[in-house]
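J.: here is the input, now give the coordinates:
(one chain, ligands or ions: 1)
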Amino acid sequence: MPYNNHFIPYGRQWIDEEDIQAVVNVLRSDWLTQGPEIEKFENEIAAYCGARHAVVFNSGTSALHGAYAALGLGEGHEFITTPITFAATANAGVYLGAKPVFVDVEEETGNIDTSKIEAKITKKTKLIIPVHYAGHPVELFKINELAEKYDLFVVEDACHALGARYRRQEAKGKGQKADEDDWIRIGSCKHSDMTAFSFHPVKHITTGEGGAVTTNNRDFYERLLMFRSHGITKKHLLNEPDGDWYYEMQMQGYNYRMTDIQAALGKSQLIKLDSFVQKRRKIAGMYNKFFYGNPCFDVPGERGSSFSAYHLYPLRIKVKYKELKKAIVAGLKEKSIGTQVHYIPVYRHPFYREMGYEKGLCPVAEDFYAGELSIPMYPAMSDEDASAVISGVEQVFGKVCKL
Ligand SMILES: *Cc1c(COP(=O)(O)O)cnc(C)c1O
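T.: Numbers count the residues shown, from 1 in each chain. Model prediction:
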C-alpha cells in the first residue's frame with residue numbers, strides 16, 4: 001500500500017515507482033525545462049480531453065490567469081462566477097483589473113445556480129466562469145446558451161473535474177435513457193472557450209504544482225503560449241526579424257512555465273487517471289451506501305446528466321446540527337480522520353469585503369458553507385481506510401448530535 005500513516009487526510013497524491021522513474025529520467029536528460037516533455041504532456045492532455053490544444057502552466061491559478069488574459073479580460077469588465085470555490089478563481093480575474101460578480105449556488109450540488117446568472121449580466125459582463133464543484137459538472141448546456149445569447153466567453157474552472165463527464169439529461173426521445181455515446185468529457189471545450197485544470201497534489205493527477213488550459217481555438221492557444229513565457233514569441237512576428245536570434249515580446253506575459261521534471265511526472269500520472277477516478281467513485285459508492293439517510297447530514301448527489309470525478313466528498317450537515325461542526329471536526333481529528341471545509345464564500349474574505357461585497361450577497365452559498373464538511377477522498381485510500389472513515393463519521397456524528 002502506498003500510504004499507511006495512521007492519519008487519514010482529506011486528500012493526497014498517489015505516486016508510484018513509474019512516476020519516480022519518469023522524473024529521474026528527466027533529471028538525467030539535457031532538458032530540465034523548456035524541453036520535449038512539455039509538448040508531449042500537452043498532447044496527451046489534449047487527447048485525453050478531446051480538445052485540439054492544451055497549454056501547461058506552473059499552477060492552476062496561472063492557468064486561469066492565462067485563460068482570462070487570452071480572451072482579453074481587463075479593466076472595465078465584469079466576470080460572473082461562484083462564491084463556492086477556491087479564491088484563485090476570482091483572484092485571477094482581479095489580477096487583470098476586472099470585477100467579480102458572484103452568483104449564488106444550488107443547495108444540492110454547490111454549483112453555480114444557472115437560473116440566477118441572467119439577472120447578473122450587464123453591459124460590462126465579458127466572461128462566465130463556472131466551477132465544477134467537487135468534480136460534479138455544472139449545467140454547461142444552459143451556461144453555453146446564455147453565453148451565446150449575450151455574446152460572452154465561458155472558461156470552465158475544472159480544477160476539481162479532470163476525468164468528469166456530462167451530457168444532456170434527455171439525450172434521446174422521451175422515456176429513453178441516454179446512452180454511453182452521449183457523454184462529453186470535461187476539457188473538450190464543446191460548450192466553453194477554454195477549460196482550466198490544476199495538478200496540485202490533492203487534485204486528480206499531480207505535478208507537484210501545475211496546471212493546464214485546453215481549448216479548440218487557435219488564437220487562444222497562441223496567446224496562452226505567449227502569456228506563459230513573458231509575452232514572447234518567435235512566430236507570427238510583427239517586426240522585420242533582425243536575424244536568427246530574433247524574438248518579440250508582443251503582450252504582457254509572465255514566467256508561468258512548467259518544468260520538464262513536472263511534465264514527465266504529469267504524463268506518468270495521466271496514464272493512471274481513469275483508474276484514479278474509478279477508485280474515487282468506488283469510495284463514494286461505499287460512503288453513499290452507509291451514509292444515505294443519515295439523520296445529521298446529506299450526502300452529495302450525482303445527477304443523471306453528470307459523471308462526477310469526486311475530487312471531494314462533501315457532506316452537508318443539516319441545519320439543526322450546523323452549530324456542532326467545530327465539535328464534529330475535532331471529534332474526527334481525534335480519530336485521525338482529516339476534514340476540510342470547501343469553501344469560505346470568496347467574497348467573505350477580508351480582501352473582498354474591502355472591495356465592498358457584503359454578507360448576505362449569496363445566502364444559499366453562506367448556508368452551504370455553514371453546513372459543508374469534506375471527508376477523506378483520494379484514490380490511494382485502502383478499503384480499510386474507507387471503513388475507518390465510515391465508522392468514525394457514524395460514531396462522531398452519533399455522539400455529537402446525541403442520536
Ligand atoms: C486548486 C484550485 C485552483 C488553483 O489551483 P492551484 O494549482 O492550486 O493554483 C483554482 N480553482 C479551484 C476550484 C481549485 O480547486
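J.: helices of the chain, start to end?
T.: Using DSSP state H, the helices of the chain run over residues 17-27, 36-49, 60-70, 88-94, 140-150, 218-228, 260-270, 273-291, 325-334, 350-354, 363-371, 383-400.
J.: tell me which residue of the chain lies closest to the ligand.
T.: residue 60 (2.5 Å; C-beta to the nearest ligand atom). All C-beta atoms are positioned from the backbone trio N, CA, C, and that covers glycine.
J.: skipping adjacent residues, who's closest to that residue in space?
T.: Closest residue to residue 60 apart from its sequence neighbours, by C-beta to C-beta, 6 or more residues apart in numbering: residue 198 at 2.6 Å.
J.: residues touching that neighbour, list them.
T.: By C-beta atoms under 8 Å, 6 or more residues apart in numbering, the contact set of residue 198 is 59-61, 63, 159, 210-211.
J.: before we move on, the earlier item: what's the closest of the helices of the chain to residue 110?
T.: helix 363-371 (5.6 Å; C-beta to C-beta).
J.: what angle do helix 325-334 and that closest one make with each other?
T.: Note on geometry: by axes from the mean of the first three to the mean of the last three C-alpha atoms, to 10 degrees, helix 363-371 and helix 325-334 are set 40 degrees apart in direction.
J.: okay, helix 363-371 in PDB with CA atoms only?
T.: C-alpha atoms of helix 363-371 as PDB (Å, rounded to 0.1, in the frame of the first residue of the first chain):
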ATOM      1  CA  PRO A 363     -27.500  33.400   1.100                       C
ATOM      2  CA  VAL A 364     -27.500  29.800  -0.300                       C
ATOM      3  CA  ALA A 365     -23.700  29.800  -0.600                       C
ATOM      4  CA  GLU A 366     -23.400  31.100   3.000                       C
ATOM      5  CA  ASP A 367     -25.700  28.300   4.300                       C
ATOM      6  CA  PHE A 368     -23.800  25.800   2.100                       C
ATOM      7  CA  TYR A 369     -20.500  26.900   3.700                       C
ATOM      8  CA  ALA A 370     -22.000  26.600   7.200                       C
ATOM      9  CA  GLY A 371     -23.000  23.000   6.700                       C
END
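J.: up against the ligand, what does this structure have?
T.: By C-beta under 6 Å from any ligand atom, the residues of the chain that approach the ligand are 59-61, 85-86, 88-89, 131, 157, 159-160, 198, 200, 211.
J.: for the stretch 151-300 of the chain, give me the ranges with low pLDDT.
T.: Residues of the stretch 151-300 of the chain meeting the criterion pLDDT under 70: 170-180.
J.: now the strands for it?
T.: Taking DSSP state E, counting those that start in this stretch as the criterion, the stretch 151-300 of the chain contains strands spanning 153-157, 165-166, 184-185, 194-198, 211-215, 232-233, 248-249, 297-298.
J.: for the last one, which outside residues touch it?
T.: The one in question is strand 297-298. Contact with strand 297-298 is made by 291, 315-318, 321, 371, 373, 397, as judged by C-beta under 8 Å, 6+ apart.
J.: pLDDT check: weakest of the residues you listed?
T.: Lowest pLDDT among those: residue 321, with 91.
J.: you'd agree that residue is up against residue 396?
T.: No: using C-beta atoms under 8 Å, residue 321 makes no contact with residue 396, being 11.6 Å away.
J.: looking at those two, which has the bigger crowd around it?
T.: Per other C-beta atoms under 10 Å, whichever of residue 321 and residue 396 has more neighbours is residue 396, with 22 against 19.
J.: residues in contact with that one?
T.: Contacts of residue 396 by C-beta under 8 Å, 6+ apart are 328, 331-332, 335.
J.: just give the nearest non-adjacent residue to it, would you?
T.: In this structure, residue 396 finds its nearest non-sequential neighbour in residue 331, 3.8 Å apart by C-beta to C-beta, 6+ apart.
J.: buried sites along stretch 381-390?
T.: By neighbour count with 16 or more other C-beta atoms under 10 Å, stretch 381-390 contains the buried residues 381, 385-386, 388-390.
J.: break the protein down into its domains, please.
T.: As given by automatic domain parsing, the domain ranges for the chain are 17-271, 274-400.
J.: from the chain's centre, how far out does the first one sit?
T.: Centroid separation for domain 17-271 versus its chain: 9 Å, with C-alpha atoms, centre = their mean, to the nearest Å.
J.: which of the helices of the chain sits most buried?
T.: Mean neighbours per residue, mean count of other C-beta atoms under 10 Å, is largest over those for helix 60-70, with a mean of 27.
J.: contact partners for the closest residue to residue 205 other than its chain neighbours?
T.: Counting by C-beta to C-beta, 6+ apart, residue 269 is the residue found nearest to residue 205 once chain neighbours are left out, at 3.8 Å. Counting by C-beta under 8 Å, 6+ apart, residue 269 touches 19, 199, 205-207.
J.: middle-most residue in this protein, spatially?
T.: For the chain, residue 159 is the residue whose C-alpha lies nearest the centre (C-alpha atoms, centre = their mean; 1.7 Å).
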